[in-house]
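Visitor: Quick one, what's the 3D model for this:
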Amino acid sequence: MQRLGLFILLLFTISAYAQQEPLFSQYYVNNMPINPAVSGSAPYNHFSIQTRQQWLGFEGAPLTTYISYDGALNNRSAMGGYVLLDRAYPSTQVAGHLNYAYHIPLDYDNINLSFGIGAKVMYHNLNFNTADELPPGQDDAFSLASHNQSLADASAGVYLYSRQFYFGFSSSNLLESSFNDAITNSPHPNSEFRNYYGMGGYRFFITNRDWQLEPSFLIRKMHSFPAITDLTARILYQENLWSGITYRTDGTAVFSFGFGSGVLHCSYSYDHTFNGDIQKYSYGTHEIGLSLRVVPFTDKRSNVFWGY
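Guide: I've put the predicted structure just below:
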């Protein structure tokens, strides 16, 4: 009962004050959902499925899955998109995203600059099953009825990349659409707060280029909440096998590995949180990814940072 109360209180705090963007630890595998300008930057059409089970051991703990696709239309334009399902009792979100990116070659060293815009439509449901499951002290605004609402929002980003490095900045929820109509008496604004992302990485070749070292970072900032930074180091072997470790500034360590060859690639990561009470009752967070990389019939763009 203590675990259930702790879990519901944590989820209510998140749900009542803001609709946050889902968190994925393997941003280095596919950061197109974070930055629309990444769409079409690879020399292949990229199809990806990523699923994240957070706080394993809690019934109804957050479970997030997305299916994405992006690819170049020609040597300048690209499209991408993804569908996301985010379930964390008592909240369910289903969102569809569509991105467009325009790529500009800067010089003869395979350096490109791209600009991207994105649009999303999202359905949100908030539903408590019984009065006993309402957080302590909650007023009548959260009745036993199911609260539903759909909204639309936008994102934008810029991305500088080559075969060895990438840097990008993006922002989502630019319109800061609100769910206030769904829960009219709630004392808290239930809004899509604007999110900001900064990312970067560099790949160093070791020995005979079979081995590579890739440090990278991802910074997330939302509204008045403290920024969270992921600092990652990965070792790659012949583009077919890699392992990595991440330190997140909220007190989380992430251990990851991946493998693949040709079209099919797989990845796995495990998050362990050292701060807060939640780590006492859960078995960590697990994330699994599967991607297909299909080379188009025509080589529409030859520059890419990613091996993974």
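Visitor: Please pull out the lowest mean pLDDT helix or strand from the chain.
Guide: Of all helical and strand segments in the chain, the minimum by mean pLDDT, DSSP states H and E falls on helix 2-17, at a mean of 47.
Visitor: Where do the strands of the stretch 1-150 of the chain begin and end?
Guide: 45-53, 63-72, 77-88, 91-105, 112-126, 147-161 (DSSP state E, counting those that start in this stretch).
Visitor: Can you redo these as JSON lines, where the extra columns are mean neighbour count, distance to Ser178 and mean pLDDT?
Guide: For every residue, glycine as well, the C-beta is placed using N, CA and C. Below are the strands of the stretch 1-150 of the chain laid out as JSON lines (neighbours: other Cβ atoms under 10 Å; distance: least, Cβ to Cβ, whole Å; pLDDT from 0 to 100):
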{"stretch": "strand 45-53", "mean neighbour count": "19", "distance to Ser178": "26", "mean pLDDT": "95"}
{"stretch": "strand 63-72", "mean neighbour count": "19", "distance to Ser178": "22", "mean pLDDT": "95"}
{"stretch": "strand 77-88", "mean neighbour count": "19", "distance to Ser178": "18", "mean pLDDT": "94"}
{"stretch": "strand 91-105", "mean neighbour count": "18", "distance to Ser178": "15", "mean pLDDT": "95"}
{"stretch": "strand 112-126", "mean neighbour count": "19", "distance to Ser178": "11", "mean pLDDT": "93"}
{"stretch": "strand 147-161", "mean neighbour count": "19", "distance to Ser178": "8", "mean pLDDT": "92"}
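Visitor: what about those, which gets the closest to Tyr247?
Guide: strand 45-53 (18.3 Å; Cβ to Cβ).
Visitor: Relative to the whole chain's centre, how far out is stretch 58-69?
Guide: 11 Å (Cα atoms, centre = their mean, to the nearest Å).
Visitor: Can you lay out the strands of the stretch 1-150 of the chain as CSV showing distance to His272?
Guide: Supplementary listing: those in CSV, determined by distance: least, Cβ to Cβ, whole Å:
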stretch, distance to His272
strand 45-53, 14
strand 63-72, 18
strand 77-88, 19
strand 91-105, 24
strand 112-126, 29
strand 147-161, 30
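Visitor: Sketch out the low-pLDDT regions of the protein for me.
Guide: Residues of the chain that meet the criterion pLDDT under 70 lie in 1-20, 108, 128-146, 179-190, 276-281, 297-308.
Visitor: Next, the contact list for the residue nearest to His103 when sequence neighbours are not counted, please.
Guide: Distances taken as Cβ to Cβ, 6 or more residues apart in numbering place Ser114 nearest to His103, at 4.3 Å, with adjacent residues excluded. The contact partners of Ser114, by Cβ atoms under 8 Å, 6 or more residues apart in numbering, come to 37-41, 78, 101-104, 158-161.
Visitor: Secondary structure class of Arg163, three-state.
Guide: coil (DSSP: H, G, I helix; E, B strand; the rest coil).
Visitor: was I right about it contacting Ala42?
Guide: No - taking contacts as Cβ atoms under 8 Å, Arg163 lies outside contact range of Ala42: 11.4 Å.
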